[in-house]
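A.B. asks: Below: sequence and its predicted model.
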Amino acid sequence: MADSKELGSANRRISAVTNHLIPVGLIPTRVDSVELCNASSMNDNYHKVHGEVPTNEIVWRKADFVGEGDNKEFVDIIYEKAVGEDIAKITINRPERRNAFRPQTVKELMRAFNDARDDSSVGVIILTGKGTKAFCSGGDQALRTPDGYADPKDVGRLNVLDLQVQIRRLPKPIIAMVAGYAVGGGHILHMVCDLTIAADNAIFGQTGPKVGSFDAGYGSSIMSRLVGPKKAREMWFMTRFYTASEADKMGLINTVVPLEDLEKETVKWCREILRNSPTAIRVLKAALNAVDDGHAGLQGLGGDATLLFYGTDEATEGRTAYMQRRPPDFSKFARRP
Ligand SMILES: CC(C)(COP(=O)(O)OP(=O)(O)OC[C@H]1O[C@@H](n2cnc3c(N)ncnc32)[C@H](O)[C@@H]1OP(=O)(O)O)[C@@H](O)C(=O)NCCC(=O)NCCSC(=O)c1cc(O)c2ccccc2c1O
C-alpha cells in the first residue's frame, strides 16, 4: 500500500500534468493546491539540499547606474537596487494621479529598465506603483492628444508600446507587484510582465472603450493567452473591474497575498528565482514569448543560442582563424546526433 509520502508525490505529479494539459481559459479555476505548490512545505531531497528561501528583510538603496545616466534626475519613478541582493525595484511615483504614466514617466521607466538589463548584478526586476491605491491607472488622460500622449511642448506618441516591447524582450524576469488599481494601460503593463503578485486590495481591468481608447496589440493578444478568448472579450467589451481573487481564478496573475505581505512575498519569489540558473531562466523567458512574438520572438531566442555558442571553443576557433588569416579547423568538434 502506498504511504503518505508516495501519495503526496503522486498528487504533485497529477497536479503538474493536469495543469499542463488543460488549456488556460477552458477551466474556470486552475487545478492546483497551494500547499503542494509551496516549495517551503516540501520535504523532498531537493528542498533539503536547497533549504528554505530566506525571509530576512530586504534593504533598498537608490540605484547606481552601471552605464550612462543618472538616477537623481528621475521625477516620475523611483529606481532602487537591493543591498547585497540581485534585485532591482522600479516604482512609478505619481500616486496623486493613481500612478498614471505620462511620456516622461515612460521615458524614465525605459532608462531604468535598460540599466537593470545591463547591470549583471541584477537578476530579477520588480515593477510597482507608489502607495497602496494603485499600481498604475494607464496613460495620463490630461496629456492625451490626437497624436498620442504628449508632455507639454513635446510631440505626441504612444511610447508605452515601446516599453511593453522592452519588458517582453528584457532577458531577466520582471515581476509586477500590484496593490490597488491596475487598470487601462496599467493593466497591460502588469500583463506583459513575466509574473504578477497581487495584494488582496488589487483591482484589475481595462477602461479603454469607456474613455475612447483600446490596445489592439499586446493588450489584446497577451490577455487572450492569459485568460482565454471569451474572458478577454468580456474584459474589453464590458470594461468591468475584477478583484484580485477573481483575477487569480482567471489565470491573470500568479498569486494573491495580504496587502501587508505584498513586498515580503514578492521578494521571496525573487529570491527563489535567483537560486536558479540565470541562463536557463533567460532562454526560458525567450522561449515562452517566442511563438507569440513571431519573428521578433524567434530573434530573441535565436540571439540566446548565438550568445551560448560564442562561449564555445568551436565558435572561438572560427573567430581566431579569421583573425589569424588561416582556414578554421573545425574537425575536432562533434557533429552531435
Ligand atoms: C484608477 C481609478 C479607477 C481610481 O479611482 P479613484 O476613485 O480611486 O481615484 P480618482 O478617480 O479620484 O483619481 C485620483 C486622481 O487621479 C487622477 N487620475 C487617475 N487616473 C488617471 C489617468 N489615467 N489619467 C489622468 N488622471 C488620472 C484623477 O483624475 C484624480 O485626479 P483629481 O485631480 O481629481 O484628484 C480611476 O482614477 C480611473 O478610472 N482612472 C482612469 C483610468 C483610465 O481610463 N486610464 C486610461 C486608459 S487608456 C490607456 O491607458 C492607454 C494608454 C496608452 O499609452 C495606450 C497606447 C496605445 C494603445 C492604447 C493605449 C491606452 O489605452
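C.D. replies: The structure has been received and is ready for your questions.
A.B. asks: Could you use CA atoms for every contact and neighbour count after this?
C.D. replies: Fine.
A.B. asks: Residues of the protein that sit close to the ligand?
C.D. replies: Proximity of the chain to the ligand, by C-alpha under 6 Å from any ligand atom, involves residues 96-98, 100, 137-142, 158, 160, 181, 183-185, 207-208, 211, 213-215.
A.B. asks: 5 Å instead?
C.D. replies: Taking C-alpha under 5 Å from any ligand atom as the measure of proximity, the chain contacts the ligand at 97-98, 100, 137-141, 158, 184-185, 207-208, 213-215.
A.B. asks: Pull out the buried members of the residues you listed.
C.D. replies: 98, 100, 137, 138, 139, 140, 184, 185, 207, 208, 214, 215 (16 or more other C-alpha atoms under 10 Å).
A.B. asks: Go through these and flag which are in helices.
C.D. replies: Counting by DSSP state H, those place 185, 208 in helices.
A.B. asks: which one of the buried ones among the residues of the chain next to the ligand is nearest residue 327?
C.D. replies: residue 215 (52.7 Å; C-alpha to C-alpha).
A.B. asks: which ones are touching the closest one?
C.D. replies: By C-alpha atoms under 8 Å, 6 or more residues apart in numbering, the contact set of residue 215 is 185, 208.
A.B. asks: coming back round to it: let me have the buried ones among the residues of the chain next to the ligand in JSON lines, extended by pLDDT.
C.D. replies: As requested, those are exported to JSON lines (pLDDT from 0 to 100):
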{"residue": "98", "pLDDT": "98"}
{"residue": "100", "pLDDT": "98"}
{"residue": "137", "pLDDT": "98"}
{"residue": "138", "pLDDT": "98"}
{"residue": "139", "pLDDT": "98"}
{"residue": "140", "pLDDT": "98"}
{"residue": "184", "pLDDT": "98"}
{"residue": "185", "pLDDT": "98"}
{"residue": "207", "pLDDT": "98"}
{"residue": "208", "pLDDT": "98"}
{"residue": "214", "pLDDT": "98"}
{"residue": "215", "pLDDT": "98"}
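A.B. asks: Between the buried ones among the residues of the chain next to the ligand, which sits nearest residue 280?
C.D. replies: Among those, and counting by C-alpha to C-alpha, the member closest to residue 280 is residue 185, at 30.4 Å.
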